[in-house]
Every structure is written in C-alpha cells, then in structure tokens.
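K.L.:
quick one, fold the following:
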Amino acid sequence: MLQVNNLQVALGDTHVLRDISFSVAEGEVVALVGANGAGKTTLLKTIAGLLTPLSGEILFREEPIQGLPPHKVAEKGIVLVPEGRRVFPLMTVLENLKMGAYLPRARDRIRENLERTCRLFPLLRERKNQRAGTLSGGEQQMLAIARGLMAQPLLLLLDEPSLGLAPKTAQHIFSIIKSIKDLGTTVLLAEQNVHLTLQMADRACVLENGRIVLRGPGHQLLRDPHVREAYLGVPS
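P.N.:
Predicted structure coming up:
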C-alpha cells in the first residue's frame, strides 16, 4: 500500500531524515519506534503532505504522492491523527466526529460511519453531547482517533497515541488500534512506548537520529539486544 524510498527531509537547516526506506502492506500495523527527536513525527508529516522532502519517493498504491498538498493526500485515503489529540475543545463530541467527515466519500456515508465508529468507541456515544474539552486525556485520544476514522481512511497515520496517558489507558488505546486493524484499516503508528507497540505491531522500524537502524517483525525486535537495552531498560 505504501512504499517510501530513500527519503531525505530537512527542517530549516537541520537534516532530520536520511535515506528512509520502508513499506506498509495492506492490512498491516507497521510501527515507527524510537526516542523523542528520532524523526518519527517528521516522517508521518511528510507522508501526510505537511512537509516536502528534499529528495526520495513516497508511493501510495503505486502512485507518487511526495509534494502533494495535505488535502490531496487525504483525498487519496491517507489520514493523520496528530500528536497531542487536537480536538476542538468547545465543540461537542458529535460535532468533532462530524468534522472528520470532510471528504466527499465520507460525507455521503456519515450516518453509517458514525454508527460504526460509536460501536468501536461506545464511550463516545454516551458523551456525544459533551464538550470535547471536558473529556479526560484518554477520552480525547479516543475522540481524535475516531474523528480520523470518520474520514474513511485506507491508511491511518497515528502519531504518539499513548503520549501522556496512564499505563492502563495506554493499553486500552492499543487494544483499540488492534481492533481498527481487525476491521480492515491499515495503520502506520509512531510511538515512544516501545514495549506496547512491538507487542501489537506486525512489523516495526527503529529510528535513531533520523535513520532506520533496525527493522523486522515486532515480536522479534522485542528480543533484540539493542532494543532491550536502549528502550526497555534490560541489560544486554
């Protein structure tokens, strides 16, 4: 579904991503893991069209998309749920969800998508008339993901969905991401919570200083000595 080839990205004078190449197959959850500042968010923003690469290629369903504006990328089926949730705090839960259905194909099926989303997030149905700014952090993260799903993505980009959440809430968010995959949506996930991410992901790439230093199935990377020492605190 997605193929990234030799991607180079700079922010101002800083070269953030170097020679990034990886792929995402339809129906997978692929994770980008690494410390803060490794380049994960920059990579997702570049795929979503918010940043223009210096060089390299991004193919979505075999069609180049690098350099397209964000709304054109979204129209092709790539939807980004950004870091920090960014719900509309003064709008209700229902109004936030409807804001996600801005693409023509999503507007045509808004009732159907609302029902599907509320089955996945039953709490949001209960809170539909509540202002989003009064929800807890975990509830706002559920709303942000649900709003992204309202756009009917083919590829859902999730940027740090567990950031700032209590461990139990983070585990619940990861169980929701697995359910999203089981319902047929492909997911590319950027996360600092390496343990939970590698337990759930089909495949993962480890980013360090803007480069991919390791890649493989999530369960294999969990046993990798470098990952265990650098990210899980287990001495090699």
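
K.L.:
CA only for contacts and neighbour counts going forward, please
P.N.:
Noted.

K.L.:
roughly how far does the closest residue to G49 other than its chain neighbours sit from T46?
P.N.:
Take G49 and drop its neighbours on the chain: the residue closest to it by C-alpha to C-alpha, 6 or more residues apart in numbering is P70, 4.4 Å away. Separation of P70 from T46 (C-alpha to C-alpha, to the nearest Å): 9 Å.

K.L.:
coming back round to it: contacting residues for the residue nearest to G49?
P.N.:
A48, G49, L50 (C-alpha atoms under 8 Å, 6 or more residues apart in numbering).

K.L.:
quick one: which of the residues you listed is nearest to I177?
P.N.:
A48 (19.2 Å; C-alpha to C-alpha).

K.L.:
quick one, helices of this protein?
P.N.:
Here the chain has its helices, by DSSP state H, at 40-47, 70-75, 93-99, 104-107, 110-120, 122-126, 137-149, 167-182, 194-200, 218-221, 225-231.

K.L.:
weakest of those by average pLDDT?
P.N.:
Of all those, helix 104-107 carries the lowest average pLDDT, namely a mean of 82.

K.L.:
OK, contacts around E208?
P.N.:
Contacts of E208 (C-alpha under 8 Å, 6+ apart): G34, A35, A38, G39.

K.L.:
go with 10 Å
P.N.:
Taking C-alpha atoms under 10 Å, 6 or more residues apart in numbering as the criterion, E208 is in contact with L17, V33, G34, A35, N36, G37, A38, G39, K40, L214.

K.L.:
if we can go back for a sec, can you redo the helices of the chain as CSV with distance to F60?
P.N.:
As requested, the helices of the chain are exported to CSV (distance: least, C-alpha to C-alpha, whole Å):
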stretch, distance to F60
helix 40-47, 9
helix 70-75, 9
helix 93-99, 25
helix 104-107, 18
helix 110-120, 24
helix 122-126, 31
helix 137-149, 18
helix 167-182, 18
helix 194-200, 24
helix 218-221, 23
helix 225-231, 29
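
K.L.:
so which of those comes closest to L188?
P.N.:
Closest among those, using C-alpha to C-alpha: helix 40-47, at 8.4 Å.

K.L.:
how distant is that closest one from the center of its chain?
P.N.:
10 Å (C-alpha atoms, centre = their mean, to the nearest Å).

K.L.:
ok, residues contacting stretch 108-124?
P.N.:
Contacts of stretch 108-124 (C-alpha under 10 Å, 6+ apart): 93-94, 97-98, 100-102, 104, 106-107, 125-126, 128, 130, 132, 135, 139-140, 142-143, 145-152, 176, 179-180, 183.

K.L.:
now that stretch: how far from the chain's centre is it?
P.N.:
19 Å.

K.L.:
which non-adjacent residue is nearest L165?
P.N.:
In space, L165 is closest to G138, 6.3 Å off (C-alpha to C-alpha, 6+ apart).

K.L.:
and the one you found, how far is that from P167?
P.N.:
Using C-alpha to C-alpha, which is the criterion applied here, G138 is 10 Å from P167.

K.L.:
and T134, by the same measure?
P.N.:
21 Å.

K.L.:
do I58 as well
P.N.:
For I58 relative to P167 (C-alpha to C-alpha), the value is 34 Å.

K.L.:
counting neighbours, go ahead and name the busier of those two.
P.N.:
Neighbour totals were compared for I58 and P167, and I58 leads with 24 against 12 (other C-alpha atoms under 10 Å).

K.L.:
that'll do, ta.
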